[in-house]
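Participant: Need the 3D shape of this:
(one chain, ligands or ions: 1)
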Amino acid sequence: MMPVFQPTEWLRCPDHRDATLDWHASEFGWKCPICGHGYAITQRVADFLPPDSPLAGEFRERESDLWDAHASEYETERQRDPIYRACLEAAAVALDPQPGERILDAGCGTGMTLRQYAQAGMEIVPFDLSAASLRLCQERSPITIQLPVRGDLTQLPFASGTFDRTLCANAIQQLPSDSLRRQCIAELCRVTAPGGRVVISVHHFSVPKQRAGWQQENSRAGSPTGDVQYIYRYLADELIEQLTPFCEVESVVGAGLPLPYYWGLSPVSRRLEPLLRGTRYGRSHGHMLVATARKRADAASCAPQFQALAGLDRQPTERLSTSTKPIS
Ligand SMILES: [Zn+2]
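Facilitator: The predicted model follows:
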């Protein structure tokens, strides 16, 4: 059965997630009944960027401009990279969405992962900071995308428990502090239904990267494709620890393994990769980590409790490294 798409049921003011928004046809947008803030649909994208989230400010503005600027050519380089494509595939396999389900793809970019799993009958909500990326995501999707939503990963504009499955692929590592990354994970879990699946993929501080002398975090521009402002590379234990307040973590696998993709053995490597992902070798050598978790039925669903659970009362202690090591 095709799902009925009624965004007013689940879209919320990012500051007031308990109040149903009022639709104003004359302004082609919604208004929050509590704060009066308006959220309009502009060029097919619903703009729900909160003015004062924990991420708001100069960093977020630059991040938004950066991804807008790179949206049109972002995929060209990535499509040619078998390691990157293996990571996309691993995230889609972990998500395993079914027709009839409502799926959040948070930090979807231009939709490279979305196209790996999208099938008729799914209600997919692509969510990103970059409006230009969201428009491309919608144009390139194999199924109809009703409403891409622009917003902030640290303050999601959705009612609690809205989604059957929530994916955040290759995005959290760009949030520039431990507390922001925890806040994002708490939000992804909050908007997922009890018992629903949460899949998170992040750049991995893998054994090969450590051996090559890479830093766990970098704050310089200069990736081959994106000039990212910041990147943090996760260890598996950190990802598990950050999901555990809200979810049962079912698995963490490594993806994008250092297999001989470039030596004329691509078909062999493509077969080996899924077999090795869940092994000790996969978990230590994967370019990315993919965590699959189930939201606990007893997980608190209101934002303040979630914040306390996520340890947001703690002050971020880390410092940005100024290393000039390669960044992706
Ligand atoms: Zn409001």
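Participant: was I right about residue 10 contacting residue 160?
Facilitator: No: here residue 10 lies out of contact with residue 160, judged by Cβ atoms under 8 Å, at a distance of 9.6 Å. (Each C-beta comes from the backbone N, C-alpha and C, glycine too.)
Participant: Assumed residue 213 was part of a helix.
Facilitator: No: going by DSSP: H, G, I helix; E, B strand; the rest coil, the assignment for residue 213 is coil, not a helix.
Participant: Quick check, pLDDT for it.
Facilitator: pLDDT recorded at residue 213 is 94.
Participant: State the distance from it to the ion.
Facilitator: 47 Å (Cβ to the ion, to the nearest Å).
Participant: Please renumber the chain so that the first residue is 14 from this point on.
Facilitator: Sure, I'll start numbering at 14, so the last one becomes residue 226.
Participant: what about that residue, neighbour count?
Facilitator: Residue 226 has 8 neighbouring residues, counting by other Cβ atoms under 10 Å.
Participant: just the strands in this protein please.
Facilitator: Secondary structure of the chain (DSSP state E): strands at 35-37, 42-44, 51-55, 58-60, 115-119, 136-141, 162-163, 176-182, 205-216, 230-231, 244-245, 260-268, 301-308.
Participant: Show the contacting residues for the residue nearest to residue 269 when sequence neighbours are not counted.
Facilitator: Residue nearest to residue 269 in three dimensions, not counting chain neighbours: residue 300, with 3.2 Å by Cβ to Cβ, 6 or more residues apart in numbering. By Cβ atoms under 8 Å, 6 or more residues apart in numbering, the contact list for residue 300 reads 96, 97, 100, 216, 217, 219, 267, 268, 269, 270, 271.
Participant: Quick check on residue 300: phi, psi?
Facilitator: Per-residue torsions, residue 300: phi -60, psi -40 (degrees, to the nearest 10).
Participant: In the protein, where is pLDDT below threshold?
Facilitator: 14-17, 233-240, 313-341 (pLDDT under 70).
Participant: Please report how far the most centrally placed residue in it lies from residue 197.
Facilitator: The centre of the chain sits closest to residue 181, judged by Cα atoms, centre = their mean, with a distance of 2.4 Å. According to Cβ to Cβ, to the nearest Å, residue 181 and residue 197 sit 7 Å apart.
Participant: Spit out the residues that contact the two alike.
Facilitator: Overlap of the contact sets of residue 181 and residue 197 (by Cβ under 8 Å, 6+ apart) consists of residue 166.
Participant: list the contacts for residue 208?
Facilitator: 307, 308, 310.
Participant: Residue 108 versus that one, what's the distance?
Facilitator: Distance, residue 208 to residue 108, using Cβ to Cβ: 15 Å.
Participant: Check residue 290 too.
Facilitator: 14 Å.
Participant: from the chain's centre, how far out does stretch 146-160 sit?
Facilitator: 16 Å (Cα atoms, centre = their mean, to the nearest Å).
Participant: now stretch 39-56
Facilitator: For stretch 39-56, the separation from the chain centroid amounts to 25 Å (computed by Cα atoms, centre = their mean).
Participant: And stretch 202-219, by the same measure?
Facilitator: Averaging C-alpha positions (Cα atoms, centre = their mean) puts stretch 202-219 8 Å from its chain's average.
Participant: how many neighbours does the closest residue to residue 37 other than its chain neighbours have?
Facilitator: Residue nearest to residue 37 in three dimensions, not counting chain neighbours: residue 44, with 5.7 Å by Cβ to Cβ, 6+ apart. Neighbours of residue 44 under the rule other Cβ under 10 Å: 17.
Participant: Okay, helices next: where are they in the stretch 114-263 of the chain?
Facilitator: Remark: helices assigned in the stretch 114-263 of the chain by DSSP state H, counting those that start in this stretch are 127-130, 144-153, 191-203, 220-224, 249-256.
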